[in-house]
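Visitor: Structural data only, the sequence is not supplied:
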């Protein structure tokens, strides 16, 4: 069993503020830090810490930031398929306010150079049991990876963030779509033409599942809605915790989700088919919700990601 993540890696520059500034406003930070980040990086580390045998396909610069990211990934036990390119490693500037909300600006840098898969990267993707993708690297590469995985009956999970226009043809190669309510509304309106103003997460999941793929709509502290075509929705309850920093919580959810899907893929008779059944998705989403709840109680993205033991301990204490 194995998980492959094709995606982005950044060095996060995090500034703690009383409030996130409005346009034209300057606020003074009460503290700052830097840490490994990027959606792909966060997600593959979350998968590895949640017990998966995880491989990361990404592009990094030839700079000190890249060395720091590589050290962090190796420390998490991730198998690396890293391109070193002549662009600076990606950077994200993150402001986090006192209510744990954040605002993020990303300079993609080297991530833009992940422009198509080479033969060895295609082999890694085709051999995976589960492939996890996001949208911080070139869309053509994401589309190619999904097609290679789909042809090999690999389970393809797409976290459609940051949101952008996607084609129905691309989504035909996706088995599980993970989106928040904003992303779900954007895709539902664009792909179906349906009016989604003030639509609930449950309604959005139903609309998107009619495209023929399983859908998980995350609801923050309220948990998630899980929907597969032609079946009623399931609601996964959120965990009640005191949040310190929500940065990376969605990535933690996605990484833990695919780790649990990978475990269950080998035991539920679904090997050889891409899309998990509803029960498998619900159990994986429950596991991922716990991981995310642990993460928001800590500062930072990668530093907040829990281990498998911590997830089990949280469940035992609940």
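Guide: On my side now, so go ahead. Just so it is clear, the structure is predicted and the values come from calculations on it, not from any experiment. Residues are numbered from 1 along each chain as shown.
Visitor: Strands of the stretch 101-250 of the chain, start to end?
Guide: Using DSSP state E, counting those that start in this stretch, the strands of the stretch 101-250 of the chain run over 102-107, 130-133, 155-159, 176-180, 214-218, 224-227, 234-236.
Visitor: Quick check: which of those is buried the most?
Guide: Across the strands of the stretch 101-250 of the chain, averaging neighbours per residue (mean count of other C-beta atoms under 10 Å) puts strand 130-133 on top, at a mean of 31. (Each C-beta comes from the backbone N, C-alpha and C, glycine too.)
Visitor: hang on, the earlier thing: format the strands of the stretch 101-250 of the chain as CSV; extra columns: distance to residue 289 and mean pLDDT.
Guide: Formatted as CSV, those follow (distance: least, C-beta to C-beta, whole Å; pLDDT from 0 to 100):
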stretch, distance to residue 289, mean pLDDT
strand 102-107, 19, 90
strand 130-133, 17, 98
strand 155-159, 15, 98
strand 176-180, 12, 97
strand 214-218, 9, 97
strand 224-227, 6, 97
strand 234-236, 6, 96
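Visitor: could you redo those strands as TSV and give each row distance to residue 20?
Guide: Shown next, in TSV, are the strands of the stretch 101-250 of the chain (distance: least, C-beta to C-beta, whole Å):
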stretch	distance to residue 20
strand 102-107	5
strand 130-133	29
strand 155-159	23
strand 176-180	18
strand 214-218	21
strand 224-227	25
strand 234-236	29
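Visitor: got the contact list for stretch 30-41?
Guide: 5-18, 45, 56, 58, 68-69, 72-73, 90, 92, 94, 111, 134, 136-137, 159, 161, 247-248, 251, 299-303 (C-beta atoms under 8 Å, 6 or more residues apart in numbering).
Visitor: So among the residues you listed, which ones count as buried?
Guide: 5-17, 45, 56, 58, 68-69, 72-73, 90, 92, 94, 111, 134, 136-137, 159, 161, 247-248, 251, 299-303 (16 or more other C-beta atoms under 10 Å).
Visitor: now, which of these lie within helices?
Guide: Among those, DSSP state H puts 45, 68, 69, 72, 73, 251 in helices.
Visitor: now the fourth one: how far from residue 110?
Guide: Relative to residue 110, residue 72 is positioned 16 Å away (criterion: C-beta to C-beta, to the nearest Å).
Visitor: can I get the ones in helices among the buried ones among the contacts of stretch 30-41 in a markdown table with pLDDT and distance to residue 261?
Guide: Converted to a markdown table, these look like this (pLDDT from 0 to 100; distance: C-beta to C-beta, whole Å):
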| residue | pLDDT | distance to residue 261 |
| --- | --- | --- |
| 45 | 98 | 17 |
| 68 | 97 | 30 |
| 69 | 97 | 25 |
| 72 | 97 | 24 |
| 73 | 98 | 21 |
| 251 | 97 | 16 |
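Visitor: now, the most widely separated pair of those residues?
Guide: Between any two of those, the greatest separation by C-beta to C-beta is 17.9 Å, found for 68 and 251.
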